[in-house]
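In: sequence first, predicted model second:
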Amino acid sequence: MLAEVTGSGEAPEGGPKFTLELNQDQKDIKEWVHGFAEGVVRPAAEEWDEREETPWPVIQEAAKIGLYGFEALGQFWADDTGLTLPIANEELFWGDAGIGMAIMGTSLAVAAIFGQGTPEQMGEWIPQCFGDADDVKLGAFCASEPDAGSDVSAIRTSAKYDEATDEWVINGQKAWATNGGIANVHVVIATVDRELGSRGHAAFVIPPGTKGCEQGAKVKKHGLRASHTADVHLDDCRVPGSCLLGGKEKLDERLARVREGKKSKSQAAMQTFEASRPTVGAQALGIARAAYEYSLEYAKERRQFGKAIIENQAIAFALADMKLEIDAARLLVWRAAWMGRSGQRFENAEGSMSKLKAGEVAVWATERAIQILGGNGYTREYPVERMHRDAKIYTIFEGTSEIQRLVISRAISGVHVK
Ligand SMILES: Cc1cc2nc3c(=O)[nH]c(=O)nc-3n(C[C@H](O)[C@H](O)[C@H](O)COP(=O)(O)OP(=O)(O)OC[C@H]3O[C@@H](n4cnc5c(N)ncnc54)[C@H](O)[C@@H]3O)c2cc1C
């Protein structure tokens with residue numbers, strides 16, 4: 001667990017110290033993001049949910065105050081306890097999840113470039129994912145396909161190397177890409193050798209304006225509607241050799257190792273996924289907390305049978321359980337975030353645990369919130385129905401709840417559970 005939240009994670013001299021108290025930097029960032037969520041995001045939430053469009057003016061506001069951009073992500077990441085990233089995400093998504101995802105969706109592409117790119121590639125492409133406050137841009141990460149969701153090994157999008165021109169030629173169709181088609185930079189996962197399954201995959205940057213990379217159908221969604229989701233078509237899409245993240249030499253070495261039957265680095269990839277999961281869990285927590293707070297206030301105000309509805313145990317206990325589950329989920333999120341940042345091994349899939357718990361708590365708590373608001377909760381006059389619609393995606397994307405349970409059960413048992 002957390003050895004010391006305020007320091008490097010190592011016990012200070014004089015014996016072990018355990019604290020969950022946030023340090024001043026963490027408190028400042030929490031307050032800063034909360035202020036933006038409360039003052040800018042919340043008031044815009046209903047409008048952009050109804051419009052089902054990317055809230056460009058809100059993203060621009062975020063860029064103006066330095067919340068949207070590489071510097072902000074760098075600042076969150078710089079905290080060596082790992083807590084600032086989930087704290088910032090929880091606060092932003094407390095404001096609104098659709099707008100939160102419109103702001104944070106770019107970080108999926110950035111994480112792929114940061115995780116797999118060379119220093120030159122990071123320097124070239126990450127700034128282009130964000131643009132600047134006068135001209136904001138987006139990034140998109142495209143892995144899923146119509147027939148490859150949970151089963152990423154089934155990816156069909158292919159990348160073939162054209163030696164004559166030192167270009168990669170990419171063909172295929174991507175599904176459900178956040179910011180797909182409207183992003184400046186797309187990161188696409190393609191197979192360079194289908195026989196090798198996921199070990200034959202590589203990540204490519206598709207630079208702005210590349211011919212053959214087009215948006216397909218825009219998806220109309222149940223929730224998270226301020227975040228753009230669309231298919232992306234790649235038709236003879238040619239990108240320079242330098243767009244292969246990590247470079248060709250590294251890819252060739254890796255493929256040779258796999259073909260020789262040696263161990264690939266899939267374990268390392270799994271560790272990377274585990275490390276990014278608490279951030280997603282923190283987004284779900286933000287939604288759950290927003291619904292809890294709203295329904296708590298409502299229950300104190302709403303009167304039936306001559307008393308506030310919270311005076312009934314049925315309502316008060318529901319709220320007690322909501323608070324309990326949200327706090328429990330946050331502890332799992334913080335533990336996994338700390339483990340990921342301080343390089344601990346996820347022996348029991350603690351990253352998956354955090355995302356699974358937070359996602360399921362968000363769905364459950366937002367449903368409870370609707371129940372507490374009664375008829376009002378079911379209408380669009382009140383925000384909890386939107387929160388419930390938004391929460392549902394957290395048991396689906398970034399690994400469904402079933403897939404998280406698969407990862408956890410394999411980790412704890414050592415058995416290849418199917
Ligand atoms: C709003 C939204 C945004 C998204 N953004 C992105 C993005 O930016 N980039 C991207 O690449 N993708 C994105 N996705 C895709 C998302 O990651 C996939 O939808 C998700 O991985 C699930 O895949 P699937 O929809 O094909 O479901 P399927 O894999 O078809 O699963 C269907 C059901 O079967 C279950 N199931 C499947 N396999 C097993 C198994 N082995 N054991 C038990 N149960 C199983 C699942 O848990 C699920 O309940 C997004 C999706 C949505 C809806």
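Out: Here it is on my side, so go on. Numbering: from 1, shown residues only.

In: strands of this protein, start to end?
Out: In the chain, the segments counted as strands under DSSP state E are 131-132, 135-136, 139-142, 158-162, 167-178, 185-191, 201-206, 213-218, 229-240, 303-304, 307-308.

In: and for the residue in the stretch 51-200 of the chain positioned nearest to the ligand, the neighbour number?
Out: Nearest to the ligand, among the residues of the stretch 51-200 of the chain, is Gly149, at 1.7 Å (Cβ to the nearest ligand atom). Backbone N, C-alpha and C define where each C-beta goes, glycine included. Gly149: 16 surrounding residues under other Cβ atoms under 10 Å.

In: show the pLDDT at it.
Out: With respect to pLDDT, Gly149 scores 95.

In: list the buried residues for stretch 133-145?
Out: By 16 or more other Cβ atoms under 10 Å, the buried positions in stretch 133-145 come out as 133, 136-145.

In: how much space separates the residue of the stretch 51-200 of the chain closest to the ligand from Glu301?
Out: Using Cβ to Cβ, to the nearest Å, we find Gly149 at a distance of 43 Å from Glu301.

In: do Leu406 as well
Out: According to Cβ to Cβ, Leu406 and Glu301 sit 44 Å apart.

In: thinking again about what came up before, need the winner for burial among the strands of the chain.
Out: strand 139-142 (a mean of 29; mean count of other Cβ atoms under 10 Å).

In: please see if it touches the ligand.
Out: Yes. Part of strand 139-142 sits near the ligand under the criterion Cβ under 6 Å from any ligand atom, namely 141-142.

In: residues contacting that strand, please?
Out: Strand 139-142 is contacted from outside by 105-112, 129-130, 174, 177-189, 232, using Cβ atoms under 8 Å, 6 or more residues apart in numbering.

In: quick check: pLDDT value at Ala275.
Out: So Ala275 comes in at 79 (pLDDT).

In: for it, give its distance to Ala308.
Out: 44 Å.

In: please name the bridge partners of the spatially closest residue to Thr157 that is not a sequence neighbour.
Out: Counting by Cβ to Cβ, 6 or more residues apart in numbering, Thr157 lies nearest to Gly172, which is 2.6 Å off, once chain neighbours are set aside. In this entry, Gly172 is beta-bridged to Leu234, by DSSP bridges.

In: these two touch, right, Gly172 and Ala190?
Out: Yes. Here Gly172 lies in contact with Ala190, judged by Cβ atoms under 8 Å, at a distance of 6.5 Å.

In: low-confidence regions, the stretch 151-300 of the chain specifically.
Out: 263-271 (pLDDT under 70).

In: 80 instead, please
Out: The stretch 151-300 of the chain contains residues with pLDDT under 80 at 262-275.

In: any residues of it in contact with the ligand? List them.
Out: Within the stretch 151-300 of the chain, the positions near the ligand by Cβ under 6 Å from any ligand atom are 176-178, 221, 224, 229.

In: quick check, nearest of those to Lys418?
Out: Trp176 (24.7 Å; Cβ to Cβ).

In: ok, the closest one - contacts?
Out: Trp176 makes contacts with 144, 219, 229-231, 397, as judged by Cβ under 8 Å, 6+ apart.

In: residues of the stretch 1-150 of the chain that sit close to the ligand?
Out: 108, 141-144, 149-150.

In: am I right that Thr178 is in contact with Asp231?
Out: No. Counting by Cβ under 8 Å, Thr178 sits too far from Asp231 to count as a contact (11.9 Å).

In: list the contacts of the spatially most central residue of the chain.
Out: By Cα atoms, centre = their mean, the chain has its centre lying nearest to Val280, at 4.1 Å. Val280 makes contacts with 355, 358-359, 394, 397-398, as judged by Cβ under 8 Å, 6+ apart.

In: next: Asn312.
Out: Not one residue lies near Asn312 by Cβ under 8 Å, 6+ apart.

In: ok, now how distant is it from Ile372?
Out: Distance, Asn312 to Ile372, using Cβ to Cβ: 10 Å.

In: cool, Thr81 as well?
Out: Noted for Thr81: a distance of 35 Å to Ile372, by Cβ to Cβ.

In: hang on, the earlier thing: want to throw the buried residues of stretch 133-145 into a markdown table with pLDDT?
Out: Below are those laid out as a markdown table (pLDDT from 0 to 100):
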| residue | pLDDT |
| --- | --- |
| Ala133 | 95 |
| Val136 | 98 |
| Lys137 | 98 |
| Leu138 | 98 |
| Gly139 | 98 |
| Ala140 | 97 |
| Phe141 | 96 |
| Cys142 | 97 |
| Ala143 | 95 |
| Ser144 | 96 |
| Glu145 | 97 |
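
In: including distance to Leu85, could those go into JSON lines?
Out: JSON lines is the format used below for these (distance: Cβ to Cβ, whole Å):
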{"residue": "Ala133", "distance to Leu85": "22"}
{"residue": "Val136", "distance to Leu85": "21"}
{"residue": "Lys137", "distance to Leu85": "22"}
{"residue": "Leu138", "distance to Leu85": "19"}
{"residue": "Gly139", "distance to Leu85": "17"}
{"residue": "Ala140", "distance to Leu85": "20"}
{"residue": "Phe141", "distance to Leu85": "17"}
{"residue": "Cys142", "distance to Leu85": "23"}
{"residue": "Ala143", "distance to Leu85": "21"}
{"residue": "Ser144", "distance to Leu85": "23"}
{"residue": "Glu145", "distance to Leu85": "28"}
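
In: and Leu20, how many neighbours?
Out: As a burial measure, Leu20 scores 11 neighbours (other Cβ under 10 Å).

In: distance of the closest residue in space to Val417 that isn't next to it in sequence from the ligand?
Out: With sequence-adjacent residues excluded and distances taken as Cβ to Cβ, 6+ apart, Val417 is closest to Ser409, at 4.6 Å. For Ser409, the distance to the ligand (Cβ to the nearest ligand atom, to the nearest Å) stands at 10 Å.

In: state the pLDDT value of Ser409.
Out: On pLDDT, Ser409 comes in at 98.
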